[in-house]
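1. what shape does this take:
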Amino acid sequence: MEKFFEKKAIINEDYVKITFKQREAIYGLFLKDADYGYLKAKNFWRIVPQSQLEAYKTTKNPNLARVFNGAEFSKLATYEESFN
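-> Purely as a prediction, here's the structure:
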């Protein structure tokens, strides 16, 4: 995860396609909130799903995000890469 965000995407700015091992892929925005360090240590990630992105853009309300377990991710791709 850290390498992906160091090289390809910026937390709080870039939309990411998240492919899961056992469910449908989603597009979302990873958030760096007050509990970011705590969640990251446990491999949990706060993500605003695509269905909530417009509301998040206007309100910046972190409660629109959901917490996902990073162990369930199989692949991450930037929004642009997902169309290539």
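2. and the residue nearest to the spatial centre of the chain, what does it touch?
-> For the chain, the residue nearest the mean C-alpha position is Phe30 (3.1 Å; CA atoms, centre = their mean). By CB atoms under 8 Å, 6 or more residues apart in numbering, the residues touching Phe30 are Phe5, Ala9, Ile11, Asn12, Val16, Trp45, Arg46, Ile47. Any C-beta I mention is one placed from the backbone N, CA and C, and that applies to glycine too.
3. at 6 Å instead, please
-> Ile11, Trp45, Ile47 (CB atoms under 6 Å, 6 or more residues apart in numbering).
4. with Val16 instead?
-> Val16 neighbours (CB under 6 Å, 6+ apart): Ala9, Leu76.
5. for it, give the beta-bridge partners.
-> Taking DSSP bridges as the rule, Val16 bridges to Gly28, Thr78.
6. got it, and Val48?
-> Leu29.
7. pretty sure it contacts Ile26?
-> No - applying CB atoms under 6 Å, one finds Val48 not in contact with Ile26, separated by 10.2 Å.
8. neighbours of Trp45, how many?
-> Summarising burial for Trp45: neighbours were counted as other CB atoms under 10 Å, giving 23.
9. show me how far the strand or helix carrying it is from its chain's centre.
-> Trp45 is part of strand 44-49, with elements assigned from DSSP states H and E. How far strand 44-49 lies from its chain's middle: 5 Å, per CA atoms, centre = their mean, to the nearest Å.
10. name the residues of that strand that are buried.
-> Using 16 or more other CB atoms under 10 Å as the test for burial, strand 44-49 gives Phe44, Trp45, Arg46, Ile47, Val48, Pro49.
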